[in-house]
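*Asks:* okay, here's the prediction I keep looking at, along with the sequence it came from:
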Amino acid sequence: MKKVLENVSAVIFDLDGLIISSETVVRDSWHEAADSHGYDMRPMYHRLIGNCHNKSNEVLFEHFGSDFPIDTLRSLVSSIVDRRIEEGELALKPGIVPLLEKLQSSRKKIGLATSSSMNWIERSLVPLGVAHLFEAIVTREHVTHTKPHPECYLTAATILEVPPHQCLVLEDSHQGVQAALNAKMKVCMVPDLIEPEPWVYEKGIPVLPSLEVLL
């Protein structure tokens, strides 16, 4: 699998579920918040993974009805996530630090493209001490369209001054994988909370058990 790093000039990472263990923290926070208001999100939570806020809201209203207290729960989830971060639940995913060091030593440019906010970067990634290793950080504030639209990855490539075809994207979500394909970039999927759908294999996209196989 190390060969996927050959013939690329830049590697662009997703954030949640790939660099940091936030997907688990956020999932558990949603479950806690929803439980406190009498809602069980466990059977449907997988439908939210990888979506932007607007799309997630659509899914939640569709599933629970128009009276679902989305604003109240989002505020509560944010507080619960902060508490869980303070309790040490958020961590870097295995292999990310040595992989970033390997990319630096091989002089490959390193970018990050996420549908999350810059505020979330500051709350999550910065305290973990690796944010400075990314030469380009693109968040939802920097784009008009979210994944699976390719804008975030194309924006990162522009900042890095690397043509799209010379970029490798590492992603854990289907929306992110599709965004990379739409950007005409190479892509590998590193699943976190959800397993790859059949189309991922049909398109011949490498599926990695963890970032450690790239070391």
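*Replies:* Yep, that arrived. Numbering: from 1, shown residues only.

*Asks:* how does the chain divide into domains?
*Replies:* Under the assignment automatic domain parsing, the domains of the chain span 2-21+91-214, 23-86.

*Asks:* deepest of the ones you listed, which one?
*Replies:* Counting by mean count of other CB atoms under 10 Å, domain 2-21+91-214 has the highest mean neighbour count of the domains of the chain, with a mean of 18. For every residue, glycine as well, the C-beta is placed using N, CA and C.

*Asks:* need the domains of the chain in JSON lines (columns: mean pLDDT).
*Replies:* Shown next, in JSON lines, are those (pLDDT from 0 to 100):
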{"stretch": "domain 2-21+91-214", "mean pLDDT": "97"}
{"stretch": "domain 23-86", "mean pLDDT": "95"}
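
*Asks:* biggest helix in this protein by residues?
*Replies:* Ranked by residue count and defined by DSSP state H, the top helix of the chain is helix 70-86.

*Asks:* quick check: what element follows that one along the chain?
*Replies:* Past helix 70-86, further along toward the C-terminus, the next helix or strand under DSSP states H and E is helix 96-105.

*Asks:* check which helices and strands that next one sits against.
*Replies:* Helix 96-105 is packed against strand 109-113, with contacts defined by 3 or more CB pairs under 8 Å, 6 or more residues apart in numbering; DSSP states H and E.

*Asks:* the strand it packs on: partners in the sheet, and parallel or antiparallel?
*Replies:* In the sheet containing strand 109-113, the strands it pairs with under DSSP bridges are strand 10-13 (parallel), strand 136-138 (parallel).

*Asks:* so how far is that strand off the chain centroid?
*Replies:* On the basis of CA atoms, centre = their mean, to the nearest Å, strand 109-113 is displaced by 12 Å from the centre of the chain it belongs to.
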